[in-house]
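Colleague: okay, sequence plus prediction incoming.
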Amino acid sequence: MKRMLALLLTLAALGCCFGAAAEEPAEDADFDGVFVLMTIPYELFYEAETTAGHYDSVSSATRVKPLMMVYAGGSFHYMPDGREITGVIFPVYAESEEMLAMYGGEEITDDSSVDVIVNDKGEQTTTTFKGKAALFQSYPFSYYRLSEVPAVFKRLGWDSTFGPMEGLVVMLDGTVSLISDPFAQVCLSVEGVEEVLNGVEVNAMVLVANDGTRLGMKHVENIWLKTFSGFNFDSEIYSLLKGRSVVSVEFYTFDAKYVVTAEEEVTIE
């Protein structure tokens, strides 16, 4: 399978029209394996994207937001009661069918469907997710086959690893600032990128500090409505940012990895 340069050039043009500079993959390539969308636990997704931390599932007291795409879009869970968010849905390249089968995930097809039931304040709503959307509520390493080479992907390893993201990286003009929020000691707002992120899911987010520290963020617990994120210092992971400055924020989507560089360093006190 050949990389679809036309698709990447289209995405690059999209980024540039918002005042962004785009980095494309170094060269076209042939792929003899298989591309899929896969449900990847946070720990395995962030292993190659971060410099520190252990990224467990997100436990939710409300059991509502993990089941709602507006809050948890881009993530997946497998417990239908919403007690936790397990990880990230992301394109993956496997060298062979044997490698794909080794992980034991369920294959999701266009005929697949799952009902996600939300009980909120005594009112019950049911949403049916069909085809690849059914990955939202499925087991780890479940997958949906892709017919085309995606704009971004991770390489699946034989040793239970997922390599660093490959593909389109788009640099966006935006503003990163600290704001007050009652639910977190530190809350970051990224402005100026709403139009780019509108209509896409943020599958993952990484904060980059001035000393090179890279920390991953998790849905609902840290990623709030795409461009807002927060954390507390009682977390072993995010306490590493105390006294450091955030210099950029990375948004991982199916279209590209969008990177916003802070015009001024945002110091975390």
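Modeller: Cool, got the structure.

Colleague: how about Ala101, secondary structure?
Modeller: Of the three states, Ala101 takes helix according to DSSP: H, G, I helix; E, B strand; the rest coil.

Colleague: how near is it to Gln137?
Modeller: Separation of Ala101 from Gln137 (Cβ to Cβ, to the nearest Å): 22 Å. In this view, the C-beta of every residue, glycine as well, is placed from N, C-alpha and C.

Colleague: between those two, which is the more surrounded one?
Modeller: Taking other Cβ atoms under 10 Å, Ala101 and Gln137 do not tie; Gln137 has more neighbours (23 against 11).

Colleague: that one contacts Ser75, correct?
Modeller: No. Between Gln137 and Ser75 there is no contact under Cβ atoms under 8 Å: 10.4 Å.

Colleague: walking through the stretch 151-269 of the chain, point out its helices one by one.
Modeller: 194-197 (DSSP state H, counting those that start in this stretch).

Colleague: which regions of it lie under the pLDDT threshold?
Modeller: When residues are selected by pLDDT under 70, none of them lie in the stretch 151-269 of the chain.

Colleague: show me where it has strands.
Modeller: 152-155, 166-167, 169-172, 175-179, 186-191, 204-209, 214-217, 223-224, 228-231, 245-252, 257-267 (DSSP state E, counting those that start in this stretch).

Colleague: dump these to TSV, plus mean neighbour count and distance to Phe129.
Modeller: Conversion of the strands of the stretch 151-269 of the chain to TSV gives the following (neighbours: other Cβ atoms under 10 Å; distance: least, Cβ to Cβ, whole Å):
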stretch	mean neighbour count	distance to Phe129
strand 152-155	21	22
strand 166-167	20	25
strand 169-172	21	28
strand 175-179	15	33
strand 186-191	19	28
strand 204-209	23	20
strand 214-217	23	24
strand 223-224	22	20
strand 228-231	20	25
strand 245-252	21	21
strand 257-267	18	25
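
Colleague: out of these, which comes closest to Val34?
Modeller: Val34 lies closest to strand 152-155 among these, at 11.1 Å (Cβ to Cβ).

Colleague: on contacts alone, who are the packing partners of the closest one?
Modeller: On a contact count with 3 or more Cβ pairs under 8 Å, 6 or more residues apart in numbering; DSSP states H and E, strand 152-155 meets strand 87-94, strand 166-167.

Colleague: return the most buried member of those.
Modeller: Highest mean neighbour count of those: strand 87-94, a mean of 25 (counted as mean count of other Cβ atoms under 10 Å).

Colleague: so what secondary structure elements neighbour it?
Modeller: Short answer (3+ Cβ pairs under 8 Å, 6+ apart): strand 87-94 packs on strand 34-41, helix 42-46, strand 75-76, strand 152-155.

Colleague: among those, which is nearest Val118?
Modeller: Among those, strand 75-76 sits nearest to Val118 (Cβ to Cβ), with 15.0 Å.

Colleague: and for the closest one, what's in contact with it?
Modeller: The contact list for strand 75-76 (Cβ atoms under 8 Å, 6 or more residues apart in numbering) reads 39, 66, 85-89, 135-138, 142, 203, 218-220.

Colleague: sorry, back to before: just the helices and strands packed on strand 87-94: most buried one?
Modeller: Counting by mean count of other Cβ under 10 Å, the most buried of the helices and strands packed on strand 87-94 turns out to be strand 75-76, with a mean of 26.

Colleague: next SSE downstream of it?
Modeller: strand 84-85 (DSSP states H and E).

Colleague: outside of that following strand itself, list whatever touches it.
Modeller: Here strand 84-85 makes contact (Cβ under 8 Å, 6+ apart) with 57-60, 66, 72, 75-77, 218-221.

Colleague: let's have these in a markdown table, adding distance to Asp234.
Modeller: Below are those laid out as a markdown table (distance: Cβ to Cβ, whole Å):
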| residue | distance to Asp234 |
| --- | --- |
| Ser57 | 18 |
| Val58 | 15 |
| Ser59 | 14 |
| Ser60 | 17 |
| Pro66 | 21 |
| Ala72 | 23 |
| Ser75 | 23 |
| Phe76 | 26 |
| His77 | 24 |
| Lys218 | 15 |
| His219 | 19 |
| Val220 | 17 |
| Glu221 | 12 |
